[in-house]
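# I need the structure of the sequence given here:
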Amino acid sequence: MRAWVMGFLVSGLALAQTPAIDVLGKVLPVVPGPMPSERLRDLAVGPGNSGIEVKIRRSARRTGFLPAVEVPKGEAIAVTHEVSGPAGWQAYRVETAPGEKVHARLRSDHEAWYVVKCVNRNGQLEQGMLQNLIRTGNPEATYQNPGKQAATVFFVVDTTEILAGREPYVVTFTREKAPEVAAK
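Residues are numbered from 1 along each chain as shown. Model prediction:
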């Protein structure tokens, strides 16, 4: 194999193995989150859940904004957190540069209990937001900023189980610079 190809592969492997900076979610600054919308409907309603638990969760979700924390800038940030309260959701605000791609992946003992969605400040989808529309048990979402200005998006971690509130999880945010910016 040619030397430049081998060098490219080795550098790509080293980049892929960049360790994430570990951060505790409870020490991150609290910021206003996105507004609840139909896009963020409750996933825990269904058989196996008692009516009183569902009513408590629905009343806890009737707020003006979701609880949110700001994710620090960095190539790879791993936030250890837990969903607090009966509402069953937590938002993470991420600032993205023009053309930048941000990927959020959740790891937990019970990954199928969680869903990660990317929304704007109004709780709606925008261009560049990719989600798992079919729940596969892999809670992850991606946003690629298509604009020429910096953008703010929210990654919302939502639980599908009523009593999953105090289980810790780790959300890893990885960033990729735009191809034309990375080449400079």
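# Could you say which helix or strand holds the spatially most central residue of the chain?
Geometric centre of the chain, nearest residue: Phe155, 3.5 Å, by CA atoms, centre = their mean. Assigned by DSSP states H and E, Phe155 falls within strand 151-159.
# contacting residues around the helix or strand following that strand?
Helices and strands here follow DSSP H and E; after strand 151-159, the next one along the chain is strand 168-176. Residues outside strand 168-176 that contact it (CB atoms under 8 Å, 6 or more residues apart in numbering): 20, 71, 74-82, 92, 94, 96, 100-108, 114, 116, 155, 157, 182. Every C-beta, even on glycine, is put in place using the N, C-alpha and C of the backbone.
# likewise stretch 19-35?
With contact meaning CB under 8 Å, 6+ apart, stretch 19-35 is reached by 40, 64-72, 74, 76-82, 90-91, 93, 119-123, 154, 156, 172, 174.
# Next up, the contacts around the residue nearest to the centre of the chain.
Ala91, Tyr92, Val94, Ala104, Val116, Lys117, Cys118, Ala141, Tyr143, Val171, Phe173.
# again, 10 Å this time
34, 68, 71, 79, 90-94, 102-104, 106, 116-119, 129, 140-143, 171, 173 (CB atoms under 10 Å, 6 or more residues apart in numbering).
# so of the residues you listed, which ones are in strands?
Using DSSP state E, the members of the contacts of Phe155 that fall in strands are 68, 79, 90-94, 102-104, 106, 116-119, 129, 140-143, 171, 173.
# Give me the buried positions along the strand holding Phe155.
Ala151, Val153, Phe154, Phe155, Val156, Val157, Asp158, Thr159 (16 or more other CB atoms under 10 Å).
# List the neighbouring strands of it plus their orientation.
strand 89-96 (antiparallel), strand 114-119 (antiparallel) (DSSP bridges).
# buried set for the longest one?
It stands for strand 89-96. For strand 89-96, by 16+ other CB under 10 Å, it's Trp89, Gln90, Ala91, Tyr92, Arg93, Val94, Thr96.
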